[in-house]
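**Q** coords please:
(2 chains)
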Amino acid sequence: MGEIEELRKEADSLKDQITAARKAVQDTTLQEAVASITVVGRVQMKTRKTLRGHLAKIYAMHWGADAKLCVSASQDGKLIVWDSITTNKVNAIPLKSSWVMTCAYAPSGNLVACGGLDNMCSIYNLKGKDGNVKVMRELAAHTGYLSCCRFLSDSEIITSSGDCTCVLWDIETGTQKTIFAGHQGDCMSLAVSPDFNFFISGACDFTAKLWDIREGQCRQTFGGHESDINAIGFFPNGNAVITGSDDATCKLYDLRADQELITYQDSGIMCGVTSLAPSFSGRLLLAGYDDFNVNIWDALKAERVGVLAGHDNRVSCIGVSADGMACCTGSWDSFLKIWN
Amino acid sequence: MSGSSNLVAMKKVVQQLRFEASLPRVKVSQAAADLQQFCMQHAMQDPLLTGVSSSTNPFRPQKVCSFL
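**A** Next comes the predicted model:
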């Protein structure tokens, strides 16, 4: 018993040390540092395309690396690969389980993945020899729902789960290479760093964690949110992390200063953030909310500079294409919209 | 049984906290300046920020005029 008490005391003391160390480098705030720059002018985007075809709520979408194709997942039990420019459906893949919560496009364009309440991550080969899209691998080991997945390459994928862990998989062998444990609540979302060396996860324990993929270790933990973190993304330079939460706010955490730099909130916004994506330069932060809208924030000044209103139900997913040319939103209204 | 697994779990927590506490940290002024600089440097290549003219917008087909 005595040893646990000692460890508890050491843990508390270390937490205080971390708080003090963060304060010690807080020689200014982001707000003060950018006081002299002006807020971005009002951003007005229009719906350029509407992707119609799903028959039920869309839960996830992900752009392909070519900034043209994208994949979406709906609880109508389908994964659809779209040509966002022509609005044609390139592939319509029927799923074994319709309870899908996430999807991902491999950087190569060869594979897509999805998963959900089946606790599995299913990998599909889009470029099979006979032209048919088939399940290539079913990655099963999680003991909770699959909330998010992201490819590192055609041979590795990272998943986050309601079982509170994230896993790095070897797709070829279908085995777990590394288990990233540490969150005290369901892992809801993950994002891979631009250099592919790290990934971040957001969870229902209200924290975000930065993980070293090769070392298998959690390097940093960020708190401050007052509810579940549903969405997470890297600032494009890879040095900061943006989170979106059920507490109706988004936060920016800097990795090198190891602390929150700013909160994106407005007294008029009282509903949860479901999804987020930064623009190409990072200056704009697009965030989807439960109230059917996407708010566009000036990421440096933390002011709202625009709204994308066009969906008739919750915006569940959002993504900015790799060349920054367009933003895609997916909604429970069963449509995807392309905006710029 | 649960006593010893609690001990193992607690040791892991302390180990993790020791690691996180030992990280080098950069001043917020430096971090903020770098974020701002990145935004400025890439602003002109950010179509959602600068706006896209219809002639360069792949999502907005140009209407072709023909002279009769």
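**Q** can you tell if the helix or strand of chain B with the lowest mean pLDDT touches chain A?
**A** Ranking every helix and strand in chain B by mean pLDDT, DSSP states H and E puts helix B:2-21 at the bottom, with a mean of 90. Yes: using C-beta under 8 Å from any C-beta of the partner chain, helix B:2-21 reaches chain A at B:3, B:6-7, B:10-11, B:13-14, B:16-21. Quick note: C-beta positions are derived from backbone N, CA and C, even for glycine.
**Q** quick one: contacts for A:P194?
**A** With contact set as C-beta atoms under 8 Å, 6 or more residues apart in numbering or on different chains, A:P194 has these partners: A:F234, A:P236, A:N237, A:G238.
**Q** and those residues, which is closest to chain B?
**A** Among these, A:N237 lies closest to chain B (C-beta to the nearest C-beta), at 4.4 Å.
**Q** any stretches of the chain with poor pLDDT?
**A** I'll assume chain A. By pLDDT under 70, the weakly predicted segments of chain A are A:1.
**Q** that's the wrong chain, I meant chain B
**A** Residue ranges of chain B with pLDDT under 70: B:1-2, B:62-68.
**Q** and if we set it to 50?
**A** Low-confidence segments of chain B (pLDDT under 50): B:1.
**Q** center of chain B, which residue is that?
**A** In chain B, the residue lying closest to the centroid (C-alpha atoms, centre = their mean) is B:L35, at 9.8 Å.
**Q** distance-wise, check the residue nearest to the spatial centre of chain A relative to A:A191.
**A** By C-alpha atoms, centre = their mean, chain A has its centre lying nearest to A:I232, at 4.2 Å. Distance of A:I232 to A:A191, given as C-beta to C-beta, to the nearest Å: 5 Å.
**Q** now do the shared contacts for the two.
**A** Listed contacts common to A:I232 and A:A191 are A:I200, A:V241; contacts here mean C-beta under 8 Å, 6+ apart.
**Q** contact partners for B:M44?
**A** B:T50.
**Q** that one: what secondary structure?
**A** Secondary structure for B:M44, judged by DSSP: H, G, I helix; E, B strand; the rest coil, is helix.
**Q** and the gap between it and B:G51?
**A** According to C-beta to C-beta, B:M44 and B:G51 sit 11 Å apart.
**Q** who's in contact with residue 59?
**A** Here I'm looking at chain A. A:A73, A:S74, A:Q75, A:V100, A:M101, A:T102, A:G116, A:S316, A:C317, A:G330 are the contacts of A:Y59 under C-beta under 8 Å, 6+ apart.
**Q** ah, I was thinking of chain B
**A** Counting by C-beta under 8 Å, 6+ apart, B:F59 touches A:R48, A:K49, A:S84, A:I85, A:M325, A:A326, A:I338, A:N340.
**Q** what about A:D186, neighbour count?
**A** Using other C-beta atoms under 10 Å in any protein chain shown, A:D186 has 18 other residues around it.
**Q** just A:D130 next, same as before
**A** Neighbours of A:D130 (other C-beta under 10 Å): 5.
**Q** and it, what element?
**A** Using DSSP states H and E, A:D130 falls within no helix or strand.
**Q** from A:G109, how far out is it?
**A** 18 Å.
**Q** if we can go back for a sec, of the contacts of B:F59, just say which sits nearest to A:H225.
**A** Of all the contacts of B:F59, A:A326 has the smallest distance to A:H225: 29.0 Å, by C-beta to C-beta.
**Q** hmm, back to that, most widely separated two among the contacts of A:Y59?
**A** Farthest-apart pair in the contacts of A:Y59 is A:G116 and A:G330; separation 14.6 Å (C-beta to C-beta).
**Q** quick one: which of these two has more around it?
**A** When neighbours are counted by other C-beta under 10 Å, A:G116 and A:G330 differ, and A:G330 comes out ahead with 32 against 24.
**Q** residue contacts, the more buried one?
**A** Going by C-beta under 8 Å, 6+ apart, A:G330 touches A:I58, A:Y59, A:A60, A:M61, A:S72, A:V315, A:S316, A:C317, A:I318, A:L336.
**Q** among those residues, which ones are in strands?
**A** A:I58, A:Y59, A:A60, A:M61, A:S72, A:V315, A:S316, A:C317, A:I318, A:L336 (DSSP state E).
**Q** rewinding a little: check the contacts of A:P194 and tell me the two furthest apart.
**A** Distances among the contacts of A:P194 were taken as C-beta to C-beta; the most separated pair is A:F234 and A:N237, at 8.3 Å.
**Q** looking at the two, which is more packed in?
**A** Neighbour totals were compared for A:F234 and A:N237, and A:F234 leads with 22 against 17 (other C-beta under 10 Å).
**Q** contacting residues for A:R42?
**A** Neighbour list for A:R42: A:V305, A:G306 [criterion: C-beta under 8 Å, 6+ apart].
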